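> coords please:
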Amino acid sequence: EIGARLRWHDELPPLTDAVVLGNEVLDAMPVSLIRTHDGAIEELGVTLTPDRAGFAWCTRPATGELERIARTLDFCEDYTTEIHLAAHGLVRSLAERLTRGVLLFIDYGFPVSEYYHPQRSDGTLMCHYRHHAHADPLCLPGLQDVTAHVDFSTLARIAVEAGLDVLGYTQQARFLMNCGVLDALAAYDPNDVARYAPACAAVQKLLSPAEIGQWL
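Here you go, the predicted structure:
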């Protein structure tokens, strides 16, 4: 029974030979919010409103690794975005522990040129509550999912700096087709509509750019 083989960990275990699969893990990790204003780079944080009835944004100068990375990206003025220090730390930690194996991350994301495009001046941070999406993480704290897309270019660079090799970087549709998803679909008899139609619809959802085929 597969349940008997599962183990929960409160921290990363020591790894030697392993395959690490992260499915929508990186986009759920904490991000640092920054903005450019009057030539400075500020880090956004959260404080209480004056009446202490809710939360509001506050700022402080960005420092350390956060400022260093932000300076390399050359943002335009009044630009707000995210930097994924926690995800960088996860990849470095896995690289330190892994003797031989593969890290496979499946997530929403962009290459750096798209992630920090001048037209994406409000970043990618999004919130989801009861199937509704909005952009206010200070609303309904603790009750909603807060996510940000992944900067895969920088993540790949961090991996290489940590001693790993980047073996591939592609959209979900191309990855699944290379793995033979269409061959698996071809095993269904198109004349057996009751079985073929649901399988075909599922594959279309996985591959279509209008659905989730553009995941990286």
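> give me the low-pLDDT residue ranges for the protein?
213-216 (pLDDT under 70).
> 80 - rerun?
Scanning the chain for pLDDT under 80 picks out 1-3, 14-16, 210-216.
> just the helices in it please.
All helices of the chain, identified by DSSP state H, fall at 64-73, 85-97, 112-115, 152-161, 172-178, 181-186, 193-207.
> Who is residue 45 paired with across the strands?
residue 58 (DSSP bridges).
> Minimum distance to residue 26: which of the helices of the chain has it?
helix 85-97 (4.9 Å; Cβ to Cβ). (Glycine included, C-beta is placed from N, CA and C.)
> if I look at the residue located most distally from the centre of the chain, how far off is residue 40?
Using Cα atoms, centre = their mean, the residue of the chain lying farthest from its centre is residue 191. It sits 39.8 Å away. Distance, residue 191 to residue 40, by Cβ to Cβ, to the nearest Å: 66 Å.
> now residue 193
For residue 193 relative to residue 40 (Cβ to Cβ), the value is 62 Å.
> Kindly report the same for residue 204.
For residue 204, the distance to residue 40 - Cβ to Cβ - is 48 Å.
> What residues does the nearest residue to residue 66 once chain neighbours are set aside make contact with?
The shortest distance from residue 66 to any non-neighbouring residue, by Cβ to Cβ, 6 or more residues apart in numbering, is to residue 32 (5.3 Å). Going by Cβ atoms under 8 Å, 6 or more residues apart in numbering, residue 32 touches 43, 66, 82, 83, 84, 85.
> And residue 61, by the same measure?
Applying Cβ under 8 Å, 6+ apart, the residues contacting residue 61 are 40, 41, 42, 43, 67.
> buried subset of those residues?
41, 42, 43, 67 (16 or more other Cβ atoms under 10 Å).
> Ends of stretch 92-111, what's the gap?
In stretch 92-111, first residue to last residue: 19 Å (Cα to Cα, to the nearest Å).
> ok so, going back, farthest pair in the buried ones among the contacts of residue 61?
Across the buried ones among the contacts of residue 61 (Cβ to Cβ), the longest gap, 9.8 Å, separates 42 and 67.
> returning to that earlier point: show me how to select, in PyMOL, the buried members of the contacts of residue 32.
Restricted to buried positions by 16+ other Cβ under 10 Å, the PyMOL selection for these reads:
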select buried, resi 43+66+82+83+84+85
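> closest to residue 59 among the contacts of residue 32?
residue 43 (6.7 Å).
> excluding its backbone neighbours, what's nearest that closest one?
Per Cβ to Cβ, 6+ apart, closest to residue 43 is residue 62, 4.5 Å.
> could you measure that neighbour against residue 158, distance?
19 Å.
> Neighbour count: those two, which is higher?
residue 62 (23 against 19; other Cβ atoms under 10 Å).
> Surely the more buried one touches residue 36?
No: here residue 62 lies out of contact with residue 36, judged by Cβ atoms under 8 Å, at a distance of 9.6 Å.
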